[in-house]
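quick one: sequence plus predicted model below, questions after.
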Amino acid sequence: MAGGFCLRAMRVYTRCTGCTYLKDAVTRATTPPAVQYKEVRGLIRGLAVLRAMNRMAGGIGGVIEIARATGIHRTTVKRLLETLKSEGLVVHKDDGSAYALTYEVRRLSDGYIGTDWIDRIAAPAMFAHLKNLSWPSDLATPDGGFMLVRESTHRESLLSQHRSTIGVRIPMLLSSLGRAWLAHCSDEEREATLAVLRARSDAIGETARNTRSINRMLAETRRRGYGMNHGELPDEASVTAIAFPIFDGQRALGAINLVMIREVVQPREIRSRYVPLLRALTEQISQQVSARRKKG
């Protein structure tokens, strides 16, 4: 049956003077000619761009990256992205070299429903607190044994050494972000993450298999109340970073760090000035996230 039309045989039963007989009746219907509509090529390409971005880490991608993923020329990709931006479906990230999906797209996809708090709550709070913090911050969530940067104030901070960090995957065990989240997530999430890392054959896997060292790091982080690293990340020997977890109720969603230069900021200043400021930021975000969930 197509379009509500068909050719079928209908068996009609009638009853007459105590006997039953079967009479076949055939009804015919003719199918009207199908109306052909021309495909809207621009819409198809726009959807291809959205699908490609949906597959990228954090829903974030640059023009060249999206062009490669879709097979669409980068000039066309740029026009499509600007059109999507005008409709509120994507926004610029960092210096404008990258684009990110917005809540308007995320609410159409189950995969993004749980992270709209970053755009609606965390990002405004991070930029509001930048004046007091001065140093740049990254917000990251766990992603396959790494911490994926989803929002950042690097592009606005005058003290930033990096203009673009969104979409960067940071090692879980060496970063303040990873340590803060890992020390405060559920036992099930922690064990699953460590299992993924232990299975690796590189230096990350070797570190993850050192159970005593991992347990010591987690205990120190919990005792201190926040994650910390002192230049342990590759190519970041000059950096000191602290990070606090972000909670939705009792569940750790991710973490926010504060990135500083070791030679500029002394440990005493970090403890007395920056720890309270960063704690206030993460507590504000956590409270608002939890309150929104309770409201339903």
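Now that the structure is in, tell me what you want to look at. Residues are numbered from 1 along each chain as shown.

how many neighbouring residues does residue 46 have?
19 (other CB atoms under 10 Å). Using the backbone N, CA and C atoms, a C-beta is placed for each residue, glycine as well.

quick one, phi/psi of it?
Note on residue 46: backbone dihedrals following degrees, to the nearest 10 are phi -60, psi -40.

so who does it touch?
80, 83, 84 (CB atoms under 8 Å, 6 or more residues apart in numbering).

also residue 221?
Counting by CB under 8 Å, 6+ apart, residue 221 has contacts 179, 180, 182, 183, 227, 228.

contacting residues around the residue nearest to it when sequence neighbours are not counted?
Take residue 221 and drop its neighbours on the chain: the residue closest to it by CB to CB, 6 or more residues apart in numbering is residue 183, 3.9 Å away. By CB under 8 Å, 6+ apart, the contact list for residue 183 reads 217, 218, 221, 222, 227, 245.

in helices, which of the contacts of residue 221 fall?
179, 180, 182, 183 (DSSP state H).

can you add distance to residue 172 and pLDDT and give these back as TSV?
Shown next, in TSV, are the ones in helices among the contacts of residue 221 (distance: CB to CB, whole Å; pLDDT from 0 to 100):
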residue	distance to residue 172	pLDDT
179	8	98
180	10	98
182	6	98
183	11	98
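
centroid-nearest residue for the chain?
With distances taken as CA atoms, centre = their mean, residue 58 lies nearest the centre of the chain, 3.6 Å away.

that older thread, turn the contacts of residue 183 into a markdown table, including distance to residue 273 and pLDDT.
Listed next are the contacts of residue 183 as a markdown table, based on distance: CB to CB, whole Å; pLDDT from 0 to 100:
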| residue | distance to residue 273 | pLDDT |
| --- | --- | --- |
| 217 | 25 | 97 |
| 218 | 26 | 97 |
| 221 | 20 | 97 |
| 222 | 22 | 97 |
| 227 | 18 | 97 |
| 245 | 20 | 98 |
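
spatially, which two of the ones in helices among the contacts of residue 221 are the most separated?
Farthest pair in the ones in helices among the contacts of residue 221 (CB to CB) is 180 and 182. Separation: 7.5 Å.

those two - which one has more neighbours?
Each of residue 180 and residue 182 has its neighbours counted (other CB under 10 Å); residue 180 has more, 31 against 26.

excluding chain neighbours, what is closest to that one?
residue 227 (3.2 Å).
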